[in-house]
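A.B. asks: Following is a predicted model, sequence given first.
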Amino acid sequence: MARPPSTEGLRSEALRAALASALAGKPGPLEDLLRRHGDGHGARPNLRLAAAFGAEISALPSGTTTRLLDRLGANDGAPDTADVFLPIAAAHGWVGRLRADHEVGAAWDALAMLAGDERMPVRLGTLAALASFAARPGGGDALLARALDWLEIDDREIRFGAAGVVVEVFADRQAVAALADPEPLLDYLSRGIAAVAGAPRAAERSDARRRLLLALPRTLAGVAAGLRAGDRGATWLEEECRNATHPDVRGALSNSVLILADKSSGQGAALAQGLRAALEGSAKPPRDPTRARPGAARGKSSRPMR
């Protein structure tokens, strides 16, 4: 994110007046202003405005915002239109309700859907909202507790998409360091890896599953490097490497090892070498060449001679 999110409410009198009107049942002016100033479809959505909207929402009494946030979050505008900022604002609004301890169940349910949204601007906006929540004391722990439930969502794209966003939240080492106990994070990551490996073959075409696999390496590397007290993170990742059999999971683990092996990671070579050895040890043994049938493999060398 280009700038840190705002911790203040709306400064614009026009926006505050439009919010009051929206809460009274006339959301049009507020939506027009959010579209105009949100730039949700641009290269840099106005996350400062979204965060300010969330802060403003957090200060409102219980039961006053649900209808408005549901409306904003349900907007299905294309990702290349100004409408896409409305669900981004909704994500920050729901996080504002979590901070105020209002409508907690509804907020988590809505955030799961927004995190799993197929539109990239909506996912990025929700990621920013959840990251700001995880940075607060107890926020990361609360997110992990709910994220475990998200792994049981029936809709495959929402399930994997939301998991990818949660994994990205904890790619930030500060979010990991803020946890009261790292074990729930390790448990969540193990379950996420198991969900990828256990998905039916048809799921291999899932864009959301692919995004989760792409999100894993940086977070796995951060966990291995960041939870060095007692080498807990490294020990956990080594165990995952030792037990990995699914090719896609092994690819994600291999990429995490490459990140740790890079000098810029600040880690010694021993950590990456140990993980690489564990991953190599769990590889499938090479096929017995004496059992290969001519023509069964790919390439000219496998074809019977004529």
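C.D. replies: Looks like it arrived, so ask away. Numbers count the residues shown, from 1 in each chain.

A.B. asks: what's the spacing between stretch 158-169 and its chain's center?
C.D. replies: Centroid separation for stretch 158-169 versus its chain: 3 Å, with C-alpha atoms, centre = their mean, to the nearest Å.

A.B. asks: Show residues contacting it.
C.D. replies: 112-113, 115-118, 123, 126-127, 130-131, 134, 140, 143-144, 147, 150-153, 175, 188-189, 192, 195-196, 199, 203, 206, 208-209, 211-212, 214-216, 219 (C-beta atoms under 8 Å, 6 or more residues apart in numbering). Using the backbone N, CA and C atoms, a C-beta is placed for each residue, glycine as well.

A.B. asks: And stretch 226-246, by the same measure?
C.D. replies: With C-beta under 8 Å, 6+ apart, stretch 226-246 has contacts from 173, 176-177, 182, 186, 190, 193, 196-197, 220, 223-225, 250, 253, 256-257, 271, 274-275, 278-279, 281-282, 284.

A.B. asks: which of those residues count as buried?
C.D. replies: 176, 182, 186, 193, 196, 220, 223-225, 250, 253, 256-257, 271, 274-275, 278-279 (16 or more other C-beta atoms under 10 Å).

A.B. asks: Next one: Leu127 from Leu111, what distance?
C.D. replies: 11 Å (C-beta to C-beta, to the nearest Å).

A.B. asks: more crowded one of those two?
C.D. replies: The residue with more neighbours, out of Leu127 and Leu111, is Leu111; 27 against 22, by other C-beta atoms under 10 Å.

A.B. asks: Any idea how many residues pack against the closest residue to Ala145 other than its chain neighbours?
C.D. replies: Nearest residue to Ala145, sequence neighbours excluded (C-beta to C-beta, 6 or more residues apart in numbering): Pro184, at 7.1 Å. By other C-beta under 10 Å, 17 other residues sit near Pro184.

A.B. asks: Start at 593, not 1
C.D. replies: Got it, the first residue is 593 from now on, which makes the last one we talked about Pro776.

A.B. asks: can you pull the contacts of Pro776?
C.D. replies: Contacts of Pro776 by C-beta under 8 Å, 6+ apart are Asp733, Leu736, Ala737.

A.B. asks: Out of those residues, flag the one nearest to Glu695.
C.D. replies: Closest approach between these and Glu695, by C-beta to C-beta: Ala737, at 17.0 Å.

A.B. asks: ok, now how distant is the closest one from Phe725?
C.D. replies: Distance from Ala737 to Phe725, by C-beta to C-beta: 13 Å.

A.B. asks: ok, the residue nearest to Ala737 to Ala755 distance?
C.D. replies: Taken as C-beta to C-beta, the span from Pro776 to Ala755 is 15 Å.

A.B. asks: Leu664 now?
C.D. replies: 24 Å.

A.B. asks: still on that earlier bit, in helices, which of the contacts of stretch 818-838 appear?
C.D. replies: 765, 768-769, 778, 782, 785, 788-789, 812, 815-817, 842, 845, 848-849, 863, 866-867, 870-871, 873 (DSSP state H).

A.B. asks: neighbour-wise, which of the contacts of Pro776 leads?
C.D. replies: Counting neighbours by other C-beta under 10 Å, Leu736 leads the contacts of Pro776 with 21 neighbours.
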